[in-house]
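> here is a sequence with its predicted model. Questions after.
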Amino acid sequence: MTTLATGSTTARLPVLDLRGVTVRYGNVAALSRVTATLPAGEITCVLGENGSGKSTLVALLSGLARHVEGKLMVDGEPVRFRSPRQARAAGIATVWQDLAVAPLLSVWRNFFLGAEPSRGHGPLRRLDLERARATTVSALARVGVMGLDPDAPASTLRPGERQSLAIARALHFGARALVVDEPTAPLAVPQQTLLLQSIVTARSQGLAVLLVTNTPRYAHLVGDRFLLLAHGQVAGTLTREDVDVADLTRLMAGGEEFSALTAALTALHPELGER
Ligand SMILES: Nc1ncnc2c1ncn2[C@@H]1O[C@H](COP(=O)(O)OP(=O)(O)OP(=O)(O)O)[C@@H](O)[C@H]1O
C-alpha cells in the first residue's frame, strides 16, 4: 500500500481524487463541483436520495460518463476516460448494481472473461483448464466464497455470489480501486454477508473502495468514510468516528440536515473541514 509519512502521522495517498468535478446530461448537472478523496485501504460509502448523483459518480469512475469541469485523478495523474476499457486499464474495477453474468458459461469462464490462462507457445498454445479452475476456486476463497463448483453454469450463482465473483476478479487482476454499486433489491443476509466480506477483503488488500449503498446499517458496519450526495453536490463528508448508524439513517433522508451537521461539526473541529 502506498503511504506518505507526514510527521508523526501516516496519511494514505489517494488512489482516486475528484476536484470540483461536474458531469452534465444535457442541461442537467448530475454532479456539480464534487470534491472527494478515496485513499488506498479505505471504504468510502456514498449515500444519497434517488437522483442525488450516485449512479453518475459510478458512471464517471467507470468510464461511462465524462466530466466537463474539474479534475479526476488516479494515483495523482489527471485522467479523462473515454471508455470503460480505459477505466479498467487504469485499475478501476466496477461491480454494477445489475451485474450481469453470462449465464450459460461456467463460473470459471465468467471469472476470466477472455483472459484465461494458457500453456504452451505458438501453435501449441492452449487453454490451461486445470489452472483456470484452480485459480477461480482460490480467488473465490480469498473473498470468502467456498464450495462453488467452478464448472457449474454462472446462472447457479446467487446475487451476492455474483458480486463476490466480480470482486475476486478485480483482486486477481490487480485493480487499485473498486467501485461497488450495491444491488437495489435487498440481498438475503448470507448473500449480503458475502458481499460485505468481499468488500472488506478488497480493503485489506489495499484497494480504495467506493460503495454506493442505500443501507446505512451496512454502510456504518464497513465504511471508513461517508460521502453524502444531495442534488448532485457533496452535502458532507464524515468518518465513522463522526456518526453512528442512527445519524446515518437520518442523514440519508435529507442532505440539508447533513450539511447542517457537517457545519456544526466543522465549527467544533476545524480539521474536519479539510477532509
Ligand atoms: N442519462 C441521463 N440523461 C439525463 N439525465 C440524467 C441521466 N442520468 C441521470 N440523470 C439525471 O441526473 C441526476 C442524477 O441522477 P443519478 O442517476 O446519478 O442519481 P442516483 O443518486 O444514482 O439516483 P438513483 O438512486 O435513483 O439511481 C438526476 O437528476 C437524473 O435525473
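Great, that's in hand.
> middle-most residue in the chain, spatially?
In the chain, the C-alpha nearest the mean C-alpha coordinate belongs to Val179, at 2.0 Å (C-alpha atoms, centre = their mean).
> hang on, isn't that one packed against Val95?
Yes. Using C-beta atoms under 8 Å, Val179 is in contact with Val95, at 7.0 Å. Any C-beta I mention is one placed from the backbone N, CA and C, and that applies to glycine too.
> phi first, then psi, for the residue nearest to the centre of the chain.
The phi/psi pair for Val179 (degrees, to the nearest 10) reads phi -110, psi 120.
> which residues does it bridge with?
Thr94, Leu210 (DSSP bridges).
> tell me how far it lies from Asp242.
23 Å (C-beta to C-beta, to the nearest Å).
> near the ligand, which residues of this structure are found?
25-26, 28, 30, 48, 50-56, 232 (C-beta under 6 Å from any ligand atom).
> not counting sequence-adjacent ones, nearest residue to Arg66?
Arg80 (6.4 Å; C-beta to C-beta, 6 or more residues apart in numbering).
> contacts only, for that neighbour.
Contacts here follow C-beta atoms under 8 Å, 6 or more residues apart in numbering; on that basis Arg80 touches Arg66, His67, Leu72.
> what does Val101 give?
Val101 is in contact with Asn110, Ala154, Ser155, Leu157, Arg162, Leu165, counting by C-beta under 8 Å, 6+ apart.
> who's in contact with the nearest residue to it once chain neighbours are set aside?
Spatially, and ignoring its direct neighbours in sequence, Val101 is nearest to Ala154 (4.0 Å; C-beta to C-beta, 6+ apart). Neighbouring residues of Ala154 by C-beta under 8 Å, 6+ apart: Val101, Ala102, Pro103, Leu104, Leu105, Ser106, Val107, Arg109, Asn110, Arg162, Leu165.
> and for Cys45?
Taking C-beta under 8 Å, 6+ apart as the test, what Cys45 contacts is Leu211, Val212, Thr213, Ala219, Val222, Gly223, Arg225, Phe226, Leu227.
> for the second one, phi and psi?
What that stands for is Val212. Per-residue torsions, Val212: phi -90, psi 120 (degrees, to the nearest 10).
> and if you look at the fifth one?
Backbone torsions for Val222, taken as degrees, to the nearest 10, come to phi -110, psi -20.
> my guess is it meets Val200, correct?
Yes. Using C-beta under 8 Å, Val222 makes contact with Val200 at a distance of 5.8 Å.
> overlap in contacts, those two.
Ile43.
> where do the helices sit along the chain?
Counting by DSSP state H, one finds helices in the chain at the ranges 54-61, 84-89, 107-112, 129-142, 159-172, 189-204, 216-222, 245-252, 255-268.
> next, the buried residues of the longest one.
Residues of helix 189-204 classed as buried under the neighbour-count rule (16 or more other C-beta atoms under 10 Å) are Gln191, Gln192, Leu194, Leu195, Leu196, Gln197, Ser198, Ile199, Val200, Thr201, Ala202, Arg203.
> and which of those residues is nearest Leu129?
Ranked by distance to Leu129 (C-beta to C-beta), these are led by Ser198 at 25.2 Å.
> quick check: the gap between that closest one and the ligand.
Separation of Ser198 from the ligand (C-beta to the nearest ligand atom, to the nearest Å) stands at 22 Å.
> OK, contacts around that residue?
Neighbours of Ser198 in contact, by C-beta under 8 Å, 6+ apart: Val143, Gly144, Val145, Gln163, Ser164, Ile167, Ala168.
> low-confidence stretches in the stretch 101-250 of the chain?
Where the stretch 101-250 of the chain drops to pLDDT under 70, the residues are 114.
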